[in-house]
Structure formats: structure tokens, C-alpha cells
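**Student:** have a look; sequence and predicted model below, questions after that.
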Amino acid sequence: MLDSEDIGSNDSANPHIQDLIDARLSRRRMLGGTLATAAAGFIGAKFIAPERAQAQQGRRACKLGFSEVPVSTEDEVVVPAGYTWDVLIPWGTPLLPGAPAFAEDASNTAADQERQIGFNHDGMHYFPFPLLGNWRGVLVLNHEYTDANQIYTATQGSAITPDAAGREKVAKALAGHGVSAVVIQKKLDGTWTHVQGGAFNRRITGTTPMGILGTGPSRSPSARVDDHTASARNAEQLRAWRHAVGHVPRVRRELERLFRND
């Protein structure tokens, strides 16, 4: 339900969160002032510089450098004055070599989704290439969950059935989860674009084999993932993964070398 008047729906007598924040800040200022007075009496007022501290606090408060955006119920993206926004890598963007274009009717298969950007972007981090900084790097983001009413066609529907069609739908959902690593670069006009087929483009999905490393053996034999079990599924990918995570410093040097040549 949309609260168009921004008055909230909690009609209890509990204090508003802003009142709690204001009270805490007021108490903090009071305690700070009391302690400062006591300190001045103990070590001498010449060692206390409130004007300097206030000036530093003021600079910290303005560090973000942009004004807040107004409350709005419009179905649009709103950014502060002086900023712009653009769509970079929406769900289904072709990522790996041979990835098909996104199908607007959601008819892409599970195999297609494994080579495309996943669903529902969440946390992300930008890893700049050495020497290229804010011009080229790898954007890594996770895909938290999928919406069954969007990743399947209208004909397929959202229900999971105990047959081949249902297994395909589960496989597509698993392919939509996970992590995407995508090479992005800034163009001369200041906008960003992704590099399809970039050397560091990756998809980690719900079915990606992986090695689990720890400080000691698992206490539960059933919880262990060993070479014999995993290699039965995909030995080549497992060996590559274990080799990578087992030689992190060398991998980092190799990545930096490839970054310069990508």
C-alpha cells in the first residue's frame, strides 16, 4: 500500500524515530559539553579548541556534497541537482561470449540465463583496473532472488510442476541467482558501458561448482565436499576453482597483468 501523504501507518503512542534520534543527539551534545568543561578545569582551557572542533565537524557533515532529493510518489528515478543516471546492465544483458539477447517476453532458457546478467541486483563493488581507475574496471554484484512472475513467460506461469518443464524453470531460477562480474568502461561522453565477452566477465550461479576451504576438517562427513564427490559432477571446473582459491597472491598478480592487457 502506498502512503501518498507520507504520514505513516503506525498509530501507536510510541515516540517517532526522529524524536529518539534528536534526544540522543541532544544528550550527546550535553555530555560532550559537560566533559569539555570538566576537562578545561582539569588541564586548562588553553588546551581546548571548540571552534576548531566545530569547524572540523561542520566539514564532515558536508562531506557528501549534494543536497537531498524531495519526497515523491512519481514512478521515476530522482537524483540531486548536478547528477545524472543511466541504465547500465539490467537483468538479461548478454555477458559471456555467445550469450543471446534478452527476450522481453522472458522466453530465455536456463542456459541463456547462465550467460546473461542475473536477476535482482543487490550489493555491488567496483574494482578499478590498475592505471585506469575510474575509466575501466570490473563491477561485481550479487543477485539476491528471482521473481517467478517475471522470469517465466505468461504461458509458462509461475507454478513449479514435477516434470521437465518444472525442472527447466527451477534451473532458470538458479541461473538467475548468484554473482555477476562484468567489465565496464567509461566512454568519451562520460557515460558507462559494459564490455560483452570481457576477459574478466563471470557468472556464478546456484549450480556453479566450488571448493569449500577451512582451517580444519569438517566434523560432519556428510557436510564435506571432496574431490571424489565434486569431480563426478564437473572435475575440470572444480580443479580450476581450487587452483585459483589456493593461490590467491599469484592470482592477484595474474589478474593485474591481465587487467593491463584486457
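**Tutor:** Perfect, I can see it now.
**Student:** all helices of the chain, in order?
**Tutor:** Here the chain has its helices, by DSSP state H, at 17-43, 50-61, 110-113, 148-151, 164-176, 227-245, 248-261.
**Student:** so, low pLDDT: which residues of the stretch 1-150 of the chain?
**Tutor:** Applying pLDDT under 70 to the stretch 1-150 of the chain flags the ranges 1-10, 25, 27-64.
**Student:** now with 80, please.
**Tutor:** The stretch 1-150 of the chain contains residues with pLDDT under 80 at 1-13, 16-18, 20-65.
**Student:** how many neighbours does residue 95 have?
**Tutor:** Using other CB atoms under 10 Å, the number of residues around residue 95 comes to 24. Glycine gets a C-beta too; all of them are placed from N, C-alpha and C.
**Student:** ok, residue 78 - contacts?
**Tutor:** 69-70, 72 (CB atoms under 8 Å, 6 or more residues apart in numbering).
**Student:** any idea which of those has the most stuff around it?
**Tutor:** Neighbour-wise, the contacts of residue 78 (other CB under 10 Å) top out at residue 69, 12 neighbours.
**Student:** can you report how many residues lie near the nearest residue to residue 148 once chain neighbours are set aside?
**Tutor:** Distance criterion CB to CB, 6 or more residues apart in numbering; nearest residue to residue 148, sequence neighbours excluded, is residue 158 at 3.7 Å. If you count neighbours by other CB under 10 Å, residue 158 ends up with 12.
**Student:** I'd say residue 158 and residue 152 touch.
**Tutor:** Yes - because the distance of 6.1 Å satisfies CB atoms under 8 Å, residue 158 is recorded as touching residue 152.
**Student:** which residues touch residue 142?
**Tutor:** Contacts of residue 142 by CB under 8 Å, 6+ apart are 121-124, 178-179.
**Student:** report how many residues lie close to residue 192.
**Tutor:** For residue 192, using other CB under 10 Å, the count is 15.
**Student:** can you offset everything so residue one is 6?
**Tutor:** Right, with 6 as the first residue, what we last looked at is residue 197.
**Student:** returning to that earlier point: and the residue nearest to residue 153, what's its pLDDT?
**Tutor:** Note for residue 163: predicted pLDDT of 90.
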